[in-house]
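Undergrad: Output the structure for:
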Amino acid sequence: MNKLNSALLNVQSQLKAPKGQYNSFGRYSYRNAEDILEAVKPLLAENGLTMTISDEVIGDGLDGSMLIIRATATISDGDNSLSVSACAGIDPNRKGMDIAQSFGSSSSYARKYAMSGLLLIDDTKDADATNTHGKEAAVATPAAKPQIKGDDMFQKAIDSMKEKGTKEQYDKIIAAIGTQLSESQRNALSKFIKK
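TA: Below is the predicted model:
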């Protein structure tokens, strides 16, 4: 096992990133990117590692395409490095937020999931996985079509495919947000490719 893998294994096995935030409306605790950073910094120092996080905005939104922010968390021992990326959609018209807040919110969300992937933080019981925001999940019957999430990011992807309908546009969307889409969502998008 090389030095980086050994040190990262130590960090991953020792890291406890508590859910230090509370949503009083939804009545759940959750962790944000800052909670993860606070918990991991001492472990990185202990193991001789550094971590950097960078953001990249994908798309310009001028042609109606969706804006995406891709965050990449990179961990290094000085000689070798490993990186994990995560994406989040940006809604510049998000109610109650100016443009900077909208970008910042999406950046924080993408950074949280990039670090979660790199550091093996399990979010299956995190608020993003369990909160229904008052909406009950639809129960699918065997004869029912697969349910497709109606989130803004997926809807913007559909709108973009309806407008352009090219294989290139589909590939661009999958490269940007494919990991955040379910198989049924990817299949639904592919049906808009004009033959």
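
Undergrad: In the longest helix along the chain, which of the residues would be classed as buried?
TA: In the chain, assigned by DSSP state H, the helix with the most residues is helix 99-119. Neighbour-count burial for helix 99-119, counted by 16 or more other CB atoms under 10 Å, picks out 102-103, 105-119. The way it works is simple: take the backbone N, C-alpha and C, and place the C-beta from them, glycine included.

Undergrad: what's the answer for stretch 66-82, then?
TA: Of the residues in stretch 66-82, Met66, Leu67, Ile68, Ile69, Arg70, Ala71, Thr72, Ala73, Thr74, Ile75, Ser76, Asp77 count as buried by neighbour count, 16+ other CB under 10 Å.

Undergrad: ditto for stretch 39-59
TA: Residues of stretch 39-59 classed as buried under the neighbour-count rule (16+ other CB under 10 Å) are Ala39, Val40, Leu43, Leu44, Asn47, Leu49, Met51, Ile53, Asp55, Ile58, Gly59.

Undergrad: hmm, back to that, okay, who's weakest in the buried residues of stretch 66-82 by pLDDT?
TA: Among the buried residues of stretch 66-82, Met66 carries the weakest pLDDT, at 81.

Undergrad: what's it in contact with, if anything?
TA: Going by CB atoms under 8 Å, 6 or more residues apart in numbering, Met66 touches Gly59, Gly89, Ile90, Met153, Lys156, Ala157, Ser160, Ile173, Ala176, Ile177.

Undergrad: how near is the closest residue to the last one other than its chain neighbours to Asn2?
TA: Read it as Ile177. Distances taken as CB to CB, 6 or more residues apart in numbering place Cys87 nearest to Ile177, at 5.1 Å, with adjacent residues excluded. Cys87 is 29 Å from Asn2, where distance means CB to CB, to the nearest Å.

Undergrad: of these two, who's got more company?
TA: Neighbour tally, Cys87 and Asn2, criterion other CB atoms under 10 Å: the higher count belongs to Cys87, 23 against 10.

Undergrad: Just the element for the more buried one, please.
TA: Secondary structure from DSSP states H and E places Cys87 in strand 81-90.

Undergrad: What helices and strands are in contact with that strand?
TA: Secondary-structure packing of strand 81-90 (3 or more CB pairs under 8 Å, 6 or more residues apart in numbering; DSSP states H and E): helix 3-14, strand 67-76, helix 99-119, helix 152-164, helix 167-177.

Undergrad: in the first one, what's buried?
TA: Same thing as helix 3-14. Leu4, Ala7, Leu8, Val11.

Undergrad: If you rank the contacts of Met66 by neighbours, which is first?
TA: Neighbour max across the contacts of Met66 (other CB under 10 Å) = Ala157, 30 neighbours.

Undergrad: With adjacent residues omitted, what lies nearest to it?
TA: Leaving aside its sequence neighbours, Ala157 sits nearest to Ile173 (CB to CB, 6+ apart; 4.9 Å).

Undergrad: still on that earlier bit, any chance of a markdown table for the contacts of Met66, columns pLDDT?
TA: Shown next, in a markdown table, are these (pLDDT from 0 to 100):
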| residue | pLDDT |
| --- | --- |
| Gly59 | 85 |
| Gly89 | 91 |
| Ile90 | 88 |
| Met153 | 74 |
| Lys156 | 78 |
| Ala157 | 78 |
| Ser160 | 78 |
| Ile173 | 80 |
| Ala176 | 78 |
| Ile177 | 78 |
